[in-house]
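Visitor: fold the following.
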Amino acid sequence: MKNGAFGAACARTFALAALSAIIGLGAGTAASAQTYPNQPIRVIVGFPPGGAADLLARVLAPHLQQELGQPVIVENRPGAQGRVGADSVAKAKPDGHTILMSTEGALVITPHMGEALPYDPLKDFAPISQVVGFAPVIVANASLEADTLADFIALAKKNPGKYSYGHSGIGGPNHLAMELLKEMAGIDIAAIPYQGTGAAIPAVISNEVSLLAGAIPALTPHITAKSLKPLAVTSSERISSVPDVPTVAESGVAGYEMSSWVGLLAPAGTPDDVMETLHAAIAKTLKNPQVIKSIEQGGQTVVGSTPDAFMKRITGDYEKYGALIKSLGLAQK
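Guide: Numbering: from 1, shown residues only. Prediction:
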């Protein structure tokens, strides 16, 4: 074979090899999309059964199972305010078969509390969707001589240190919501810790403390029984389950907003096509009327954001909580 013919043959061989590689790469991507999921999907919840993230995961699981065609198993891994569960997902294989149902605490609050974390909250996760948003309602003892938050703020300014509020832990969302209110409204009220919201409710009913910020479902029976009176919700907009309760901003504290969320995240490095499949499944699930009803009855609002929008929420809250915790001096030394 002459040199020219040999060179042409080599060129054809390399071209065919390159084409085969490209076709194979494309086929591999297609195969990934077609075969996922190929085993049960674990939804890790970093809290015990019965909490907001756990209950939401159990509402969604059967519908996600129907969309994805594989069992969806809710697995509780409680500990360290959600950090144990978050760490297990951060270190899981990034194939979409282990995902995290998390509140904001483990990702945007505890990183600022001074303890070293075994994961990077902004780099070790791939956001799928913010599933819901919710906000506490601020309630008062029924005998408090104020029927609105504006009235209470006026009372507190006239009587610095006289009033107090209960909370379920330093650095928790409800504690931070009340501390932000104190800072923005310019009032001095004492923070009294309790072992959970369940223990704080009797304290405010008995007037051991004046106020409490807590989850709407837990407080609604007491509001209905008129043993507690609602003053405001901490969200930027009114909440459908308590439509007559104004926001803190409406009550005279302009610019105030403190809301929580629950979202789904995968380990960083999860393939794009798998992320798209997961997002499509949750987006469709959140349009189901039965799911919407269950969520709204729990005092939450359906969000169903895109991965990019959820990442923007995470980074924004990370900065907001970091600044608040620093200004309040809550970080452990």
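Visitor: please, where are all the helices along the stretch 101-250 of the chain?
Guide: 149-158, 173-185, 197-205, 216-224 (DSSP state H, counting those that start in this stretch).
Visitor: could I get those helices as a markdown table with mean neighbour count?
Guide: From N, CA and C alone the C-beta is placed, and that goes for glycine too. A markdown table is the format used below for the helices of the stretch 101-250 of the chain (neighbours: other Cβ atoms under 10 Å):
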| stretch | mean neighbour count |
| --- | --- |
| helix 149-158 | 18 |
| helix 173-185 | 21 |
| helix 197-205 | 18 |
| helix 216-224 | 17 |
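Visitor: for these, which one sits closest to residue 80?
Guide: helix 173-185 (15.8 Å; Cβ to Cβ).
Visitor: tell me the angle that closest one makes with helix 149-158.
Guide: Comparing the axes of helix 173-185 and helix 149-158 via axes from the mean of the first three to the mean of the last three Cα atoms, to 10 degrees yields an angle of 70 degrees.
Visitor: what's helix 173-185 in contact with?
Guide: Identification of contacts with helix 173-185 by Cβ atoms under 8 Å, 6 or more residues apart in numbering yields 103-105, 109, 135-136, 138, 153, 156, 165, 167-169, 187-189, 191, 197, 211, 213-214, 234, 248, 252-253, 255-256, 258, 260, 321, 324-325, 327-328, 330.
Visitor: which stretches of the stretch 201-333 of the chain aren't confidently modelled?
Guide: 333 (pLDDT under 70).
Visitor: for stretch 202-215, which outside residues touch it?
Guide: Contacts of stretch 202-215 (Cβ under 8 Å, 6+ apart): 52, 134, 136-144, 152, 163-168, 174, 177-178, 189, 192, 194, 197, 200-201, 219, 222, 227-228, 231, 234, 299.
Visitor: at 7 Å what do you get?
Guide: The contact list for stretch 202-215, computed with Cβ atoms under 7 Å, 6 or more residues apart in numbering, reads 136-141, 143-144, 163-166, 174, 177-178, 192, 194, 197, 200-201, 222, 227-228, 234, 299.
Visitor: what do you get for stretch 74-84?
Guide: Contacts of stretch 74-84 (Cβ under 7 Å, 6+ apart): 42-49, 54, 57-58, 61, 85, 88, 102-103, 105-106, 110, 117.
Visitor: from the contacts of stretch 202-215, keep the buried residues only.
Guide: 136-141, 144, 163-166, 174, 177-178, 192, 194, 197, 200-201, 222, 227-228, 234, 299 (16 or more other Cβ atoms under 10 Å).
Visitor: in strands, which of these appear?
Guide: Among the buried ones among the contacts of stretch 202-215, the members falling in strands (DSSP state E) are 137-141, 164-166, 192, 228.
Visitor: mind listing what the closest residue in space to residue 92 that isn't next to it in sequence touches?
Guide: Leaving aside its chain neighbours, residue 92 sits nearest to residue 98 (3.9 Å; criterion: Cβ to Cβ, 6 or more residues apart in numbering). Counting by Cβ under 7 Å, 6+ apart, residue 98 makes contact with 42, 44, 89, 92.
Visitor: got the phi/psi numbers for residue 98?
Guide: phi -130, psi 120 (degrees, to the nearest 10).
Visitor: tell me the domain ranges of the chain?
Guide: As given by automatic domain parsing, the domain ranges for the chain are 36-134+261-328, 137-233.
Visitor: CSV for the ones you listed, including distance to residue 242?
Guide: Formatted as CSV, those follow (distance: least, Cβ to Cβ, whole Å):
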stretch, distance to residue 242
domain 36-134+261-328, 8
domain 137-233, 6
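Visitor: so for residue 240, which of the ones you listed sits nearest?
Guide: Here domain 36-134+261-328 is closest among these (Cβ to Cβ), at 5.9 Å.
Visitor: and residue 323, what element?
Guide: helix 307-328 (DSSP states H and E).
Visitor: check the offset of that helix from the chain's centre.
Guide: Centroid separation between helix 307-328 and its chain, computed with Cα atoms, centre = their mean, to the nearest Å, is 12 Å.
Visitor: can you check stretch 228-243 too?
Guide: Distance, centroid of stretch 228-243 to centroid of chain: 19 Å (Cα atoms, centre = their mean).
Visitor: list the buried ones in it?
Guide: Buried residues in stretch 228-243, counting neighbours by 16+ other Cβ under 10 Å, are found at 228-236, 239, 241-242.
Visitor: also stretch 38-50?
Guide: For stretch 38-50, by 16+ other Cβ under 10 Å, it's 41-47.
Visitor: what's it in contact with?
Guide: Against stretch 38-50 from outside (Cβ under 7 Å, 6+ apart): 53-54, 57, 61, 68, 70-78, 82-86, 88-89, 97-102, 106.
Visitor: do that again at 6 Å, thanks
Guide: Stretch 38-50 has contacts (Cβ atoms under 6 Å, 6 or more residues apart in numbering) with 53-54, 57, 70-78, 82, 84-86, 88-89, 97-101, 106.
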